[in-house]
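Visitor: Just need the structure, nothing else, for what follows:
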Amino acid sequence: MNSNATSPKLNITIDKTTGVVCEQCGCNVFTEVLMLRKASKFITGTAQDALIPIPVFACAKCKHINEDMLSPDLKNVEE
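Guide: The predicted structure follows:
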């Protein structure tokens with residue numbers, strides 16, 4: 001299977017990018033974590049409520065999730 005068929009090759013060099021650091025502690029290493037949202041069975045049309053995993057990046061040191069790493073939809077949702 002050709003991996004280039006699903007992911008376009010970007011012609012960007014590291015010197016043309018900017019680093020990302022944690023807003024809380026300044027760490028520049030992040031890990032992928034999941035946020036979970038529950039959808040009612042009445043909305044999904046299934047027999048049970050559904051859990052929807054949403055991948056986000058959290059600071060590897062303090063686990064903080066930077067504001068700009070959340071989609072606008074997640075920023076506007078009250079817990």
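
Visitor: going forward, measure contacts and count neighbours with C-alpha atoms only.
Guide: Noted.

Visitor: how about stretch 55-64: buried residues?
Guide: Neighbour-count burial for stretch 55-64 flags Val56, Phe57, Ala58, Cys59 (criterion: 16 or more other CA atoms under 10 Å).

Visitor: Could you tell me the end-to-end distance of that stretch?
Guide: With CA to CA, to the nearest Å as the measure, stretch 55-64 spans 14 Å from end to end.

Visitor: got the contact list for that stretch?
Guide: The contact list for stretch 55-64, computed with CA atoms under 8 Å, 6 or more residues apart in numbering, reads 22-25, 27-35, 65-66, 69-70.

Visitor: again, only using 7 Å
Guide: Cys22, Gln24, Cys27, Val29, Phe30, Thr31, Glu32, Val33, Leu34, Met35, Ile65, Met69 (CA atoms under 7 Å, 6 or more residues apart in numbering).

Visitor: looking only at pLDDT, what's the mean for it?
Guide: On average, the pLDDT along stretch 55-64 is 97.

Visitor: contacting residues for Lys41?
Guide: Ala47, Gln48, Asp49, Ala50.

Visitor: Please report how far the residue nearest to the spatial centre of the chain lies from Cys62.
Guide: Using CA atoms, centre = their mean, the residue of the chain that lies closest to the mean C-alpha position is Val56, 2.1 Å off. Val56 is 15 Å from Cys62, where distance means CA to CA.

Visitor: Equivalent analysis for Asn76, please.
Guide: On the measure of CA to CA, Asn76 and Cys62 end up 23 Å apart.

Visitor: before we move on, what about Asn11?
Guide: 33 Å.

Visitor: for Ile43, same thing?
Guide: From Ile43 over to Cys62 the distance is 35 Å, taken as CA to CA.

Visitor: Equivalent analysis for Lys9, please.
Guide: Taking CA to CA, one finds Lys9 at 32 Å from Cys62.

Visitor: What of Phe30?
Guide: For Phe30, the distance to Cys62 - CA to CA - is 10 Å.

Visitor: do Pro55 as well
Guide: 17 Å.

Visitor: Show me the strands in this protein, by range?
Guide: 30-39, 50-59 (DSSP state E).
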